[in-house]
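Trainee: Only the shape, not the letters, is given here:
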Ligand SMILES: Cc1cc2nc3c(=O)[nH]c(=O)nc-3n(C[C@H](O)[C@H](O)[C@H](O)COP(=O)(O)OP(=O)(O)OC[C@H]3O[C@@H](n4cnc5c(N)ncnc54)[C@H](O)[C@@H]3O)c2cc1C
C-alpha cells in the first residue's frame with residue numbers, strides 16, 4: 001500500500017483489496033484477502049470492532065456439525081418459511097464454511113462456553129468479544145484500518161469496472177481516496193434509522209454505491225423485518241420471545257399473538273394504539289439459565305429498570321430492521337460473491353441472503369453464518385481478482401460513480417428527507433401489511449423525493465455530505481423495496497400482501513431490481529447455481 005499526497009485535502013492510498021464496512025462480513029473478507037496474499041485496506045463508518053449490528057449484541061450462529069441428519073434438518077427447517085426460494089447447494093456451502101470458520105475462531109482464542117460434557121458450545125457468539133477479536137486478527141494480518149471513515153462513492157474505470165472508492169472522515173481529517181484492484185462491499189443492510197440496536201450506521205449505503213456502478217439487487221421485497229423489542233429499549237433480540245405469551249395491560253392473553261407466528265396480531269394492536277405486553281413465562285428453569293449465559297446483553301435493559309422478564313410482563317414494540325434481518329441485497333453471480341459489476345464483491349447483509357433462507361430470516365441465525373462465510377469467500381475472490389489484475393489497475397483512469405449525486409441548486413435538508421422516507425417505510429400499515437394501492441401511493445411520494453434530491457446541490461462540509469448520502473441511500477433502498485414488492489402480487493416469506501394473501505406457485509422466482517432515476521424490476525425463474533468463480537472459468 002502506498003500513500004501519495006497529490007491533493008493535500010485528500011488522503012490517497014493504493015491497495016489490492018479495499019473492504020468497505022468492518023462488521024463480521026467485512027472483517028472476515030479483510031482477513032481472508034490478506035491471508036491470500038493481498039494488501040488490504042478496511043474502511044468503516046464507525047470504529048471496527050464496535051460498529052454495526054453484531055458488535056453490541058449477542059448473536060446466534062447457524063452452526064451445525066457435519067452429521068447428515070442434523071444438516072438435513074437445518075436445511076429443511078427454512079424451506080417452507082422462506083417460500084421455497086432457498087438453494088440447498090448454497091445452504092450446504094454456508095454450513096460447511098461456518099463450521100470451519102468457527103473452528104478458526106476457537107483457535108484464535110474465543111472463549112466459547114463449555115457444556116457439562118466439556119464440549120464447546122459454538123452456536124452463539126458475544127458480539128463485543130467476537131468483534132474485538134476480529135479487529136485484533138485483522139490488524140495482525142497487516143490490514144490497514146480506516147476507522148470513522150464512511151465511503152461515499154465507488155470509483156469506476158472507463159469500462160465500468162470498480163477500481164476503488166472515496167469517502168469522508170468523521171474525525172476532521174482529510175477526505176480519502178483508495179485505489180484498489182477490487183472492492184468488497186460489506187456495509188450491512190438498511191434499517192432506516194429506526195434506532196434498533198447497532199443499526200443506525202446501516203442506511204443502505206452499499207446498495208446505493210453499487211447501484212450507481214450498475215450493480216443489481218435481488219429479493220428487495222423481503223425487507224420488512226420488524227424486531228420485537230422492550231418498548232423503551234433499542235434491543236431487538238427476538239429469539240427469546242419464543243417463550244413469550246403476549247398480553248393486555250390487565251394480564252389477559254392476546255389470542256393468536258406470537259413471536260414467530262402471530263406478529264401481525266401484535267402489529268395490529270400496536271397500530272390501533274393498544275399497548276402490548278410480553279411475559280417470558282414459557283421458559284423453564286434450564287431455558288432461563290441458558291438464556292442468561294447465551295445472550296447476557298438481552299437482559300441489560302431489563303436489569304437496569306428492575307424487571308424480571310420471566311415473571312413480570314413488560315411493554316413491547318416492533319421496530320423496523322429493514323434488510324438487516326430481511327433477506328434482500330446485492331445480487332451475487334458466482335461462488336466468490338461477485339456482483340454484476342466487474343471488480344465488485346458483496347458480503348454479509350449487503351448481499352442477498354435469499355440463497356440460504358429464501359424470503360424469511362430471523363430466529364434461525366442464518367445471518368451470522370452468512371456474514372462469516374460470504375465474507376471469507378468475497379475476500380478470497382477479491383484478492384485473486386486484484387492480484388490477477390496486477391499494478392495496471394492503478395494506472396487506469398478513475399471517475400466517481402456517484403449517479404445519485406445531486407446536480408441542481410436547491411439546498412437539501414437531509415433530516416427532512418430521512419423523516420419523509422421513514423413516514424413511508426416505518427408504519428406497519430404500509431410496510432408490514434402491503435397492498436398494491438398502498439405501494440403505488442408510497443412510490444409516488446418516494447419518486448417525487450428522488451426527483452427533488454437530484455435537483456439539490458451537494459454540501460461541501462463532509463459530515464453534511466455524509467448525511468445527504470445516507471438519506472439518498474435510504475430513499476433509493478425504499479424505492480427498490482417497494483417496486484419489488486409491487487412486482488410480487490402474492491404473499492411469500494416475510495412479504496405479505498393484503499390484496500394477495502396466498503402464496504402463488506407460479507411466482508416461485510426471484511425479483512431482481514436496480515436503477516436510480518428509473519427503478520426497474522425483473523423476475524428470474526432459474527434456481528440459483530453455485531457458479532464457479534470468474535477466475536476459475538478463465539483458468
Ligand atoms: C439486535 C440484533 C440481533 C441480531 N441477532 C442475530 C442472531 O442472533 N443471529 C443472526 O444470525 N443474526 C442476527 N442479527 C443479524 C446480524 O447481526 C447481521 O446479519 C450481521 O451483523 C451482518 O454482518 P455485516 O458485517 O454484514 O453487517 P454489520 O455487522 O451491520 O456491519 C456493517 C458495517 O458497515 C459499516 N458501514 C455502513 N455503511 C458504511 C459506509 N458508507 N462506509 C464504511 N462503512 C460503512 C458499519 O459501520 C458497520 O460497521 C441480529 C441483528 C440485530 C440488529
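Mentor: Good, I have the coordinates. What you see is a predicted model, and the numbers here were worked out from it, not measured in a lab. Numbers count the residues shown, from 1 in each chain.
Trainee: Distance check, the closest residue to the ligand within the stretch 251-400 of the chain against residue 330.
Mentor: When scored by C-beta to the nearest ligand atom, the stretch 251-400 of the chain has residue 348 as its residue closest to the ligand, at 2.1 Å. C-beta: built from backbone N, CA, C; applies to glycine. Per C-beta to C-beta, to the nearest Å, residue 348 is found 10 Å from residue 330.
Trainee: of those two, who's got more company?
Mentor: For residue 348 and residue 330, the more surrounded residue by other C-beta atoms under 10 Å is residue 348, and the numbers stand at 35 against 27.
Trainee: out of everything not next to it in sequence, what's closest to that one?
Mentor: residue 25 (2.5 Å; C-beta to C-beta, 6 or more residues apart in numbering).
Trainee: Remind me what whichever helix or strand the one you found is part of packs against, helices and strands.
Mentor: If you go by DSSP states H and E, residue 25 is part of helix 24-35. When contacts are defined as 3 or more C-beta pairs under 8 Å, 6 or more residues apart in numbering; DSSP states H and E, helix 24-35 packs onto strand 10-20, strand 40-43, helix 127-140, strand 175-185, helix 366-389.
Trainee: Mind putting those into a markdown table with mean neighbour count and mean pLDDT?
Mentor: Below are those laid out as a markdown table (neighbours: other C-beta atoms under 10 Å; pLDDT from 0 to 100):
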| stretch | mean neighbour count | mean pLDDT |
| --- | --- | --- |
| strand 10-20 | 25 | 95 |
| strand 40-43 | 28 | 98 |
| helix 127-140 | 19 | 97 |
| strand 175-185 | 28 | 96 |
| helix 366-389 | 27 | 96 |
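Trainee: re earlier: residues touching the residue nearest to residue 348, list them.
Mentor: Residues in contact with residue 25, defined by C-beta atoms under 8 Å, 6 or more residues apart in numbering, are 186, 188, 347-350, 370-372, 374-375, 378.
Trainee: Tally up the residues packed near the closest residue in space to residue 403 that isn't next to it in sequence, please.
Mentor: In space, residue 403 comes closest to residue 212 once its chain neighbours are excluded; the distance is 4.1 Å by C-beta to C-beta, 6+ apart. Here the number of neighbours of residue 212 (other C-beta under 10 Å) works out to 21.
Trainee: For residue 212, list the residues it contacts.
Mentor: When contacts are counted by C-beta under 8 Å, 6+ apart, residue 212 touches 153-154, 401-404, 516.
Trainee: Out of those residues, which is nearest to the ligand?
Mentor: Checking these one by one against the ligand (C-beta to the nearest ligand atom), the nearest turns out to be residue 153, at 9.6 Å.
Trainee: Wait, a helix at the closest one?
Mentor: No - assigned with DSSP: H, G, I helix; E, B strand; the rest coil, residue 153 falls outside any helix and is strand.
Trainee: my guess is it contacts residue 166, does it?
Mentor: Yes - the criterion here is C-beta atoms under 8 Å, and residue 153 meets it with residue 166 at 5.7 Å.
Trainee: residues contacting the residue in the stretch 401-539 of the chain positioned nearest to the ligand?
Mentor: Nearest residue of the stretch 401-539 of the chain to the ligand, counting by C-beta to the nearest ligand atom: residue 469, 7.3 Å away. The contact partners of residue 469, by C-beta under 8 Å, 6+ apart, come to 150, 152, 205, 208.
Trainee: Could you report the distance from it to residue 380?
Mentor: 29 Å.
Trainee: Next: residue 42.
Mentor: 15 Å.
Trainee: How about residue 194: what's its closest non-neighbour residue?
Mentor: Nearest non-adjacent residue to residue 194, counting by C-beta to C-beta, 6+ apart: residue 320, 4.3 Å away.
Trainee: The one you found - that's part of a helix, no?
Mentor: No - using three-state DSSP, the assignment for residue 320 is strand, not a helix.
Trainee: so it sits right up against residue 426, yeah?
Mentor: Yes - assessed by C-beta under 8 Å, residue 320 is found in contact with residue 426 at 5.2 Å.
Trainee: So which bits of the stretch 201-350 of the chain are right by the ligand?
Mentor: Neighbours of the ligand within the stretch 201-350 of the chain, by C-beta under 6 Å from any ligand atom: 201-202, 205, 236-237, 239, 321, 324-325, 348-350.
Trainee: and with 5 Å instead?
Mentor: Within the stretch 201-350 of the chain, the residues that sit near the ligand (C-beta under 5 Å from any ligand atom) are 201, 205, 236, 348-349.
Trainee: Need the nearest residue in space to residue 159, chain neighbours excluded.
Mentor: In this structure, residue 159 finds its nearest non-sequential neighbour in residue 342, 7.6 Å apart by C-beta to C-beta, 6+ apart.
Trainee: next one: residue 44
Mentor: Spatial nearest neighbour of residue 44, excluding adjacent residues (C-beta to C-beta, 6+ apart): residue 22 at 3.7 Å.
Trainee: Got the phi and psi for residue 467?
Mentor: phi -60, psi -40 (degrees, to the nearest 10).
Trainee: Contacts only, for it.
Mentor: Here residue 467 is in contact with 414-415 (criterion: C-beta under 8 Å, 6+ apart).
Trainee: Likewise for residue 464?
Mentor: residue 414.
Trainee: average pLDDT for stretch 333-352?
Mentor: The pLDDT scores in stretch 333-352 average 97.
Trainee: Spell out, range by range, the strands that occur in the stretch 251-400 of the chain.
Mentor: Along the stretch 251-400 of the chain, counting by DSSP state E, counting those that start in this stretch, strands occupy 276-279, 314-322, 329-330, 344-346, 399-400.
Trainee: Turn the ones you listed into TSV, columns for distance to residue 46.
Mentor: Listed next are the strands of the stretch 251-400 of the chain as TSV, based on distance: least, C-beta to C-beta, whole Å:
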stretch	distance to residue 46
strand 276-279	31
strand 314-322	18
strand 329-330	20
strand 344-346	19
strand 399-400	23
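Trainee: Check these for me: which has the lowest mean pLDDT.
Mentor: Across these, the lowest-scoring stretch is strand 399-400, with a mean of 86.
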